[in-house]
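In: 3D, please:
(2 chains)
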Amino acid sequence: MSVVLELFLEFALLAFVAFGGATALLPEMHRVVVENHHWLDDTTFTHLYAIAQAAPGPNVLVVTLIGWKVAGLAGALAATLAMCLPMSVLIYLLIDRWESFSGKRWQKAISLGVAPLAVGLVFSGATLIARSADLGWAAWLLVAATVVANLRTKLHPLWFIAVGASLGLLGAV
Amino acid sequence: MTATGPQAPSRPDLRALFLGFSAVGLSGFGGVLPFARRMLVEQKRWMTPEEFNAQLGLCQFLPGPNVVNLAVVVGKRYQGALGAIVAPVGLLAGPLAIVLLLALLYDAYGSLPLAQGMLRGVAAVGCGLLFAMAWRMAMAIKDKALFLPFTMLTVAAIAWLRWPMPIVMIAGLILSGGAAYWKLGRK
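Out: Residues are numbered from 1 along each chain as shown, chains lettered A, B, ... in the order given. Got it, this is the predicted structure:
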């Protein structure tokens, strides 16, 4: 099986469990791409996440970058399409019927039930980036400062990214 | 109904859908949903706030990138199947081109120590932003005593045991969704 097709199938499967969007998928993409298939190494994976953070656009683009690094332009398009297509088709078919099941007990139960799982996925993604990036003590300080500043202030995330890039350039982290 | 009221809808054609969603895609960093709302409800008035919230419901209910789902819904609403293709393509085309340009730069210069240092710094910040996001999402959960244990189980299964996510999510949804179903029935 060609790598592009394999990538498409792996990511299309993930699209069905991507509660919380592409961000929630970071741990699983790492498991598939780095640990199972050895398509990328830890450092590259972290770098791609960093690039996606610094670029404009929806969060899903980290998937595009992973696809690119695994199999070039075809990989980028295949990964992005695999991530977006299954739910796009489903939502196209379901949207007119949404009114009839929105607010039902089972629908509310799924919405409520999925939220704590999404928190766990995003938290896992954070620990995974920390582990793959092999952070030193100075970098951990930066992580902690970012958490506090992001929760306490209304500063745009781009400021944090600029600070991180500058500190990195200076070799401080 | 006045011309300035929220009920003054203009029917966007394919070109307008493409350009409108392109602007949304290019304007946000780390999530563009707020920009989508601003464009749809406040600037172009293609939807009322109530319509937006109602349609967003399904987009957030289903997995996958919410804002892509939303583009499909809005595209379908105004231009049918073609609109449902054009709107998400508009949303993704610009950012996709930029990100691929960055990927080319990364291929060319990514191994330089300066670039490596910069990416390390951004990754550390990105990691902090993720922790903060998880914290905010956790605080938004109403019944923490009931639901946060499921968060911990998810972290244990995904981050520590490294179990495959589809299995973890199905099992987690049965347990956590079951708890929510039970809770809803008690009210």
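
In: and the host helix or strand of residue B:184, which residues are buried?
Out: Element membership for residue B:184, per DSSP states H and E: helix B:165-186. Neighbour counts over helix B:165-186 (16 or more other C-beta atoms under 10 Å in any protein chain shown) mark B:165, B:168-169, B:172-173, B:176-177, B:179-181, B:183 as buried. (Glycine included, C-beta is placed from N, CA and C.)

In: and of these, the nearest to residue A:34?
Out: The closest of those to residue A:34 turns out to be residue B:165 (C-beta to C-beta; 14.1 Å).

In: What pLDDT does the model give the nearest residue to that closest one once chain neighbours are set aside?
Out: Spatially, and ignoring its direct neighbours in sequence, residue B:165 is nearest to residue A:28 (3.8 Å; C-beta to C-beta, 6 or more residues apart in numbering or on different chains). At residue A:28, the model reports a pLDDT of 94.

In: related to what we said a few turns ago, centre of the chain to the helix holding residue B:184, how far?
Out: 22 Å (C-alpha atoms, centre = their mean, to the nearest Å).

In: Quick check: mean pLDDT of that helix?
Out: pLDDT averaged over helix B:165-186 gives 95.

In: With stretch A:113-126 instead?
Out: Taken as a whole, stretch A:113-126 carries a mean pLDDT of 95.

In: Ok, stretch B:147-156 next?
Out: On average, stretch B:147-156 scores 97.

In: Can you name every helix or strand that the helix holding residue B:184 contacts?
Out: Helices and strands touching helix B:165-186, by 3 or more C-beta pairs under 8 Å, 6 or more residues apart in numbering or on different chains; DSSP states H and E, are helix A:3-15, helix A:105-133, helix B:144-155.

In: Name the residues of the second one that are buried.
Out: Of the residues in helix A:105-133, A:108-130, A:132-133 count as buried by neighbour count, 16+ other C-beta under 10 Å.

In: Figure out how far the helix or strand the residue nearest to residue B:165 falls within is from the centre of its chain.
Out: When elements are assigned from DSSP H and E, residue A:28 belongs to helix A:26-30. Relative to its parent chain, helix A:26-30 has a centroid offset of 7 Å by C-alpha atoms, centre = their mean.

In: Tell me the helix or strand right after whichever strand or helix holds residue B:87.
Out: If you go by DSSP H and E, residue B:87 is part of helix B:66-109. Per DSSP H and E, the first helix or strand lying C-terminal to helix B:66-109 is helix B:113-140.

In: do that following helix and chain A meet?
Out: Yes. Using C-beta under 8 Å from any C-beta of the partner chain, we find that helix B:113-140 touches chain A at B:114, B:116-138, B:140.

In: State the phi and psi torsions of the residue of chain A most remote from its centre.
Out: No residue in chain A sits farther from the centre than residue A:100, which is 31.6 Å out by C-alpha atoms, centre = their mean. The phi/psi pair for residue A:100 (degrees, to the nearest 10) reads phi -80, psi -20.
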